[in-house]
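Visitor: Everything below, folded, please.
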Amino acid sequence: MKIPDAFNHKPVIVADHYDQIDGRYAGRSDAKCLSLGITPGSDNRRSELSAQVWRSTGDTLSAQSEELPLHRALDLAILICRSLEHFNEAYIYEHLYDPEQPVLDRIGLQGSAMNVAICTDNANIREDIQTFNQAISDNGEMIGERLRTLSRVLKELGY
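Guide: Next comes the predicted model:
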């Protein structure tokens, strides 16, 4: 399913076919895609990084707010971390990604895999990916603090 472009959230990185790996809902989930992107900031000058769970309403996708099952929140964390890894080296590409290879990674989960890919369905991907990359840079200190905390907590849990 194509992600609608009528929402404030502009997807840059997507994990499509998410319904195939959605925890205990795998194979029958209405959560069809996860995405990371940009949303106009509250001051309408700065873009904010955002995550979105795209749910199916039949033939289309909807950006309904929802309470997240824990496995879905962890899948979003995996998507965020893998995306940050890509953007650490994205400068080597003219458009911050290789248009011939938009899939950045396939991460095995529950007998299937979560694709981590550039959202090539986004008609403004070249602009939006630049904005997304800049927002990562602008928020680097805040993101880094949380990643270091997450890393510490995971180590304390034995992971």
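Visitor: Which of the helices and strands in the chain ranks last by mean pLDDT?
Guide: strand 61-62 (a mean of 71; mean pLDDT, DSSP states H and E).
Visitor: where does the helix ranked longest in the chain sit relative to the chain's centre, distance-wise?
Guide: Here the longest helix in the chain is taken by residue count, with DSSP state H as the criterion, and it is helix 70-89. When distances are taken as C-alpha atoms, centre = their mean, to the nearest Å, helix 70-89 is centred 7 Å away from the chain's centroid.
Visitor: Do a quick rundown of the strands in this protein.
Guide: Counting by DSSP state E, residue ranges of the strands within the chain are 10-16, 31-40, 47-56, 61-62, 103-109, 112-118.
Visitor: Name the strands paired with the fifth one and say parallel or antiparallel.
Guide: Using DSSP bridges, strand 103-109 pairs in its sheet with strand 112-118 (antiparallel).
Visitor: now do the fourth one
Guide: Note on strand 61-62: by DSSP bridges, its sheet partners are strand 47-56 (antiparallel).
Visitor: Give me the residues contacting the strand it pairs with.
Guide: Defining contact as C-beta atoms under 8 Å, 6 or more residues apart in numbering, one finds that strand 47-56 is touched by 1, 3, 7, 9, 11, 19, 30-42, 61-64, 66, 68, 72, 76, 79-80, 131-132, 134-136, 139. In short, each C-beta sits where N, CA and C put it, glycine included.
Visitor: Restricted to buried residues, select these in ChimeraX.
Guide: To isolate the buried subset of the contacts of strand 47-56 in ChimeraX, counting by 16 or more other C-beta atoms under 10 Å, use the following:
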select :3,9,11,19,30,31,32,33,34,35,36,37,38,39,61,63,72,76,79,80,131,132,135,136
